[in-house]
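Novice: Based on what follows, work out the 3D shape:
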Amino acid sequence: MLVSTPIAQIPGIGTVTARRLNKLDLYTVGDLIMHLPFRYEDFSQQLRIADLESGLTANISGTIELIQNKRSPRRRMYLTEALINDGSDSLRILWFNQPFLTKNLHVGDEISLAGRVSEDYGGLVMQSPQYEKVNGKAIHTQGIVPVYHLSGPIAQKTLRTIISKVIDNARQINDWLPGQIRLKNNLETLAVALEQIHFPKTKVDLDNAKERLAFNELFLLQIRAQEQRLRFAKLQAPIINFNEIETKRFVSSLSFDLTADQKKASWEIIQDLQRPQPMLRLLQGDVGSGKTIVACLAMLNVALAKAQAACMVPTEILATQHFKTFTSLYKNEDITIALLTSGFQKIAKNGKEIESNKKEIAKKIAAGEIDIVVGTSSLIQKELEFKNLALAVVDEQHRFGVDQRKQLTEKVEAGGAPHLLSMTATPIPRSLALAIYGELDISTIKEMPLGRKQVLTKLVSNDKRPEMYEFVAKEIKAGNQAFVICPLIDESDTLGAASVKAEFERLDKTIFKEFKIGLLHGRLKSKEREEVMNKFANGELDILVATSIIEIGVDIPKATIMIIEDADRFGLAQLHQYRGRVGRRETQAFCFLLSRIEDQKSNHRMQAMMQFSSGFDLSKVDLQFRGPGEVYGLEQKGFPELRMANFYDTEMMNKAREAAIELITQDPSLNSFKDLQKELGEWQERAHLE
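Specialist: Numbers count the residues shown, from 1 in each chain. Modelled structure (predicted):
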C-alpha cells in the first residue's frame, strides 16, 4: 500500500465502511495516519482477577468458562453474562443489549478485557468492558489505547483496527522538518512520532510523539510569521523622527499622568517609527488601560513630521468616540483630523468640528491636508488615496481579517509600507501571542490609570431585582449614570431573552419613571445613534438601554452602573467589555449580571466574572471554555487548527520561534529545504491562509 491508496482498497474494508470514513474527511491511507487521537484510555494496569478490587480500572485476560444471553424482567433488556477465569480466580462480566456477543465469543476463547470493576450482590463484576480475542497484539484493551473523534456509525474499535493495519505506512510520509532542527531540539522522526501517537508502548513514547507533532504545528506558524517579517523588512517606511520637545509639551498638558506601562509602550513605538523598515507592533492592554493615548502620541509625531496617520476601527460608534477624543486631545495642536464612516463625515481642528462629505474629505486626504483620519472599513475603499500615509493604526484588530489590514497598509506606493500599530483590548497570553502574531512585536499595558477602582461584579437573582433597582436609583440621584444591556432588539417568543425595546418600555413606564432613559440599537440610523450617544455623554440621559452596539469604545465618565440582562447569552470577553464601559474614573462602579439559566457552563462564566477583574486572567479562563479561534477571532486570520500544540507551552513556542528565525536567516527563500517548502504550501492551503 501507499499513503495515497484509497481507503476502499485496504484489505477487509468494504464500500460501506469506506463511505462512512469519507464522512470524516478520510479518503486515503495517509488521511487515516494523520487522523490523530484526541485522548487515550490507560489500560496499562494488567492485573490478576484475584487481585481486583471494586473501583479499579484495569485490564485482565482469561478464558471464557460461560457465556449466555438472558432477558432482564425489570428493565426489558437483554443481558449478556460471561464468566472469565485466568487461573487465579473467576470474574463475572455483564454487557447490556448486546445479544450478538454470543455469536462472536464462545466458551474456551482466550479474551482480553478492560473496564471498571464494581461490586453487586453477586460479588465483583465488570460491566460493559471493552474486549478483544487474544490472537496477537491487543490494541483495544491493553496498554495506552487511542480514542478518536468519530461521526456516524463508525465505532472506535473499527477505526482503531483499520489504523493499526496501515500504521506501518507512516514511514512513507515525508519528514519535511530539516534534520539540523530535529537533532538540535532532540525530536523524534516523523514516522516514529506518528506510530507512537497512535499506539504508544509507554507514557514516554506518547510524550515524545506529542512533542514532535506539537513542534511541527508551531514551527510552521513561526516560519510563516518570519516570512511575513522578512517581506515587510524589504519594504521602505517613512522615517518619523521623535519630536521630543513637542511630545513632552503635549504630555504635560494632559489632565492625567501616564502610567509606567504607557510610557514604556509609547517609547517602543516611537523608536520603531524612527526606523526605515515598517513597524509591526501589537499594543495590548485591558479595557480602560489607556491604549488610545499611546496611539495619540505616535500619531502626534507623525503629524508633526508632516505625514499622515489612519486609525481604522470596527464600529461607527467607536470611530465617532475616537474622533471626539482626538479632537479634544489635539485642540491646541496644528493638526487636522477627519472622521470617515458610511454615516458620518467630519473634519476637526483646534477642538472645533465641522460637517463635511466623503468627496471633500477624500480630496483633502489625497492632497495631504488631513493629518489624521479615523474611520471604519471606509478607509480601505479603493478610491480613497493618501498622499503620504506613514502610520496605520488598527484598533480592536482581531475584528478585522488579514486581508482588510493588508488593504490599509497597501495605500502607499509600490515598494513602500506604512508603520503598522495593531491594538487589542482582548489580552493574549504571551505564548499564544507568539503563535498568533509571531510577525509582530508586542507591547503590553497591564497597569490601570492611577486611582481607578475595580468594578464590583455581582450575580443578581430575579427575586433581588427590586433591591438592585433601588440601588441604581440612589446612584443616579447621586449624579451617576447606568447602562442596561439586552441581547435582542425585538421580543422573541422562541428565544425568551430580554429585548431592548421591551426593557426600555418597562423601565421607562414602571421602574424608573422619574429618570430620563435612552434607547440604542443597530437598526437606528447613524444620526439617531449619534444623537442618543451625545445626550448620554452630556448627561441629558440617566440610563441607556442598549444592545451589544456599545461593546467597545464607549467612554462615559459618569457611568457607574452596568446591568447585563441574560448575561449567560454573552461570552466572557463580551461581558468583560461591557463591564469596561463603567468605572472609567475614581468613583466606585458596579456590574450586575442577570441570568435565567442555571447551567454549569454559564455559571462558570458568571463566577469567573465575579472572581477576576483582569482581562488577562479572564482570557485564560475563556480559553478553557472555548478554543482560541472563538476567543481571538482567529478564523478571520485563517488560523489553522492546532491539534497537538499547547498554547501555554511558552518553552515549546520559543523553541519553534528560534528554529524558524535561524532557518529563515540561513535561507530566506527556503530553496535549500524543498520538502519544507512543499509542506508549508500545503499547510497554508489547508488553513486557507491569505
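Novice: how about the helices of the stretch 251-400 of the chain, start to end?
Specialist: All helices of the stretch 251-400 of the chain, identified by DSSP state H, counting those that start in this stretch, fall at 260-273, 291-304, 316-329, 358-366.
Novice: Output the contacting helices and strands for the helix ranked longest in the chain.
Specialist: Across the chain, the longest stretch assigned as helix under DSSP state H is helix 203-233. Packing partners of helix 203-233 (3 or more C-beta pairs under 8 Å, 6 or more residues apart in numbering; DSSP states H and E): helix 190-198, strand 280-285, helix 430-436, helix 650-666, helix 674-686. All C-beta atoms are positioned from the backbone trio N, CA, C, and that covers glycine.
Novice: Redo those as a markdown table? Include mean pLDDT, distance to Ile173 and mean neighbour count.
Specialist: As requested, the helices and strands packed on helix 203-233 are exported to a markdown table (pLDDT from 0 to 100; distance: least, C-beta to C-beta, whole Å; neighbours: other C-beta atoms under 10 Å):
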| stretch | mean pLDDT | distance to Ile173 | mean neighbour count |
| --- | --- | --- | --- |
| helix 190-198 | 96 | 6 | 22 |
| strand 280-285 | 89 | 34 | 24 |
| helix 430-436 | 66 | 24 | 21 |
| helix 650-666 | 90 | 20 | 18 |
| helix 674-686 | 85 | 10 | 14 |
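Novice: re earlier: for the helices of the stretch 251-400 of the chain, which one sits closest to Ile445?
Specialist: Nearest to Ile445 among those is helix 260-273; the distance by C-beta to C-beta comes to 4.3 Å.
Novice: Quick one: residues in contact with that closest one.
Specialist: The contact list for helix 260-273, computed with C-beta atoms under 8 Å, 6 or more residues apart in numbering, reads 239-240, 242, 247, 258, 279, 281, 283, 285, 289-290, 293-294, 297-298, 301-302, 390-391, 419, 421, 441, 443-447.
Novice: Can I get it in CSV, CA atoms only?
Specialist: The C-alpha trace of helix 260-273 is given here as CSV (Å, rounded to 0.1, in the frame of the first residue of the first chain):
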residue,chain,number,x,y,z
ALA,A,260,4.8,53.4,33.6
ASP,A,261,3.4,50.9,31.1
GLN,A,262,2.0,53.6,28.9
LYS,A,263,5.4,55.4,28.8
LYS,A,264,7.2,52.2,28.0
ALA,A,265,4.8,51.2,25.2
SER,A,266,5.0,54.8,23.8
TRP,A,267,8.8,54.7,23.7
GLU,A,268,8.9,51.3,22.0
ILE,A,269,6.5,52.6,19.3
ILE,A,270,8.4,55.9,18.9
GLN,A,271,11.7,54.0,18.4
ASP,A,272,10.1,51.8,15.8
LEU,A,273,8.8,54.9,13.9
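Novice: that older thread, of all the helices and strands packed on helix 203-233, which one is nearest Lys306?
Specialist: Closest among these, once you apply C-beta to C-beta, is strand 280-285, at 22.5 Å.
Novice: Give me the contacts around the closest one.
Specialist: For strand 280-285, the surrounding residues in contact (C-beta under 8 Å, 6+ apart) are 228-229, 232, 261, 265, 268-269, 272, 291, 294-295, 397, 420-428, 433, 437, 439-446.
Novice: what does stretch 166-177 give?
Specialist: Contacts with stretch 166-177, where a contact means C-beta under 8 Å, 6+ apart, come from 1-3, 10, 29-30, 32-33, 182, 187, 189-191, 194-195, 198-199, 215-216, 219, 673, 675-676, 678-679.
Novice: got it, and stretch 142-157?
Specialist: Stretch 142-157 is contacted by residues 17, 20-21, 23-24, 35-44, 46, 59, 112, 114, 130, 132, 139-140, 159-160, 163, 197-203, 206 when judged by C-beta under 8 Å, 6+ apart.
Novice: hmm, which of the residues you listed are the buried ones?
Specialist: Buried subset of those (neighbour count, 16 or more other C-beta atoms under 10 Å): 17, 20-21, 24, 35-37, 40-41, 43-44, 59, 112, 114, 130, 132, 139-140, 159-160, 163, 197-200, 206.
Novice: if you look at these, which of them are in helices?
Specialist: Thr17, Arg20, Leu21, Leu159, Arg160, Ile163, Ile197, His198, Leu206.
Novice: coming back round to it: output the helices of the stretch 251-400 of the chain in TSV, with distance to Leu456 appended to each entry.
Specialist: Converted to TSV, the helices of the stretch 251-400 of the chain look like this (distance: least, C-beta to C-beta, whole Å):
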stretch	distance to Leu456
helix 260-273	24
helix 291-304	24
helix 316-329	25
helix 358-366	43
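Novice: worst-scoring helix or strand of the protein, pLDDT-wise?
Specialist: Ranking every helix and strand in the chain by mean pLDDT, DSSP states H and E puts helix 628-632 at the bottom, with a mean of 56.
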